[in-house]
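1. please work out how this folds:
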Amino acid sequence: MKRSRRYREIAERVDPLQVYPLEEAVTLLKSGRPTKFDQTVEVAVRLGVDPRKSDQMVRGAVSLPHGLGKTVRVIAFAEGAVADACKEAGAMEVGGEELAKKIEDGWTDFDIVIAHPAMMRVVGKLGRTLGPQGKMPSPKSGTVTPNAAQAVTEFMAGKVEFRVDSGGNVHVPVGKASFSSHKLAENATAFLDFIMTLRPPAARGAYLRNITVSTTMGPGLKVAYSH
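-> All right, here's what the predicted structure looks like:
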């Protein structure tokens, strides 16, 4: 694969075998030549779990102290006073059967789906559409909740939903390259602190096997974390 000049410049300055302090790693990634867009900074964690086993599934949502630096498009399934509160909180679309029909007809221009528990009778049939996109609401991720309006506010402010993939990895955006290295490190640490609390009792051996941080167009750097 042909790499960009920016990628190669950063890769030449780092040791692929070295484990960097978080803030130092982010500073290195930010040091390359400017790009035409504000790159996303992502943390990837290899977990010591077997996601094929239901008792080792790791899934949740965490509020990052400095947000994500982007507009998060949130929709909500709610009715009555809860629907009004969700609209006031900033949800781009709020509804019930008519919103489900819109999604079934192919509309997916949103990032997060919030649902009041009473609306799961409507949302449940969207599993085939929302599931493969990772957008199906769930109590574990905080997206099915009686406090739907509060959830809308939190996700729009930078709360991040995540789940382990089939390879035991979790990928989470922690901000933009325009953030200070300190803020990016604090966001990443908040995520890592939270994922430590989700360690399944059935998991054996090392839980955080490997942690890397990268930008959209940069190499991945191994980083250290102490809980």
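
2. any regions of this protein where pLDDT drops low?
-> Along the chain, segments meeting pLDDT under 70 span 1-7, 9, 11.

3. what's the single longest helix in it?
-> As assigned by DSSP state H, the longest helix anywhere in the chain is helix 181-196.

4. I'd like to know how far the residue in the chain sticking out farthest from the centre sits from Pro139.
-> Relative to the centre of the chain, the most outlying C-alpha is that of Gly80, 29.7 Å out, by Cα atoms, centre = their mean. From Gly80 across to Pro139, the span is 21 Å (Cβ to Cβ, to the nearest Å). The C-beta positions use only the backbone N, C-alpha and C, and glycine is treated the same way.

5. please enumerate the helices of this structure.
-> 5-13, 22-30, 80-89, 97-104, 120-123, 127-130, 148-156, 181-196.

6. what separates the longest helix of the chain from the chain centre, distance-wise?
-> Centroid displacement of helix 181-196 relative to its chain, using Cα atoms, centre = their mean, to the nearest Å, is 12 Å.

7. likewise stretch 141-161?
-> On Cα atoms, centre = their mean, the centre of stretch 141-161 falls 13 Å from the chain's centre.

8. ends of that stretch, how far apart?
-> End-to-end distance of stretch 141-161: 6 Å, with Cα to Cα, to the nearest Å as the criterion.

9. in TSV, list the helices of the chain along with distance to Gly167.
-> Listed next are the helices of the chain as TSV, based on distance: least, Cβ to Cβ, whole Å:
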stretch	distance to Gly167
helix 5-13	23
helix 22-30	22
helix 80-89	35
helix 97-104	28
helix 120-123	28
helix 127-130	22
helix 148-156	26
helix 181-196	16
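
10. ok, for Asp109, nearest residue in space, not its chain neighbours?
-> Of all residues not flanking Asp109 in the chain, Arg73 sits nearest, at 6.9 Å (Cβ to Cβ, 6 or more residues apart in numbering).

11. surely that neighbour and Ile112 touch.
-> Yes: applying Cβ atoms under 8 Å as the test, Arg73 and Ile112 come out as touching, 7.3 Å apart.

12. cheers, nothing more for now.
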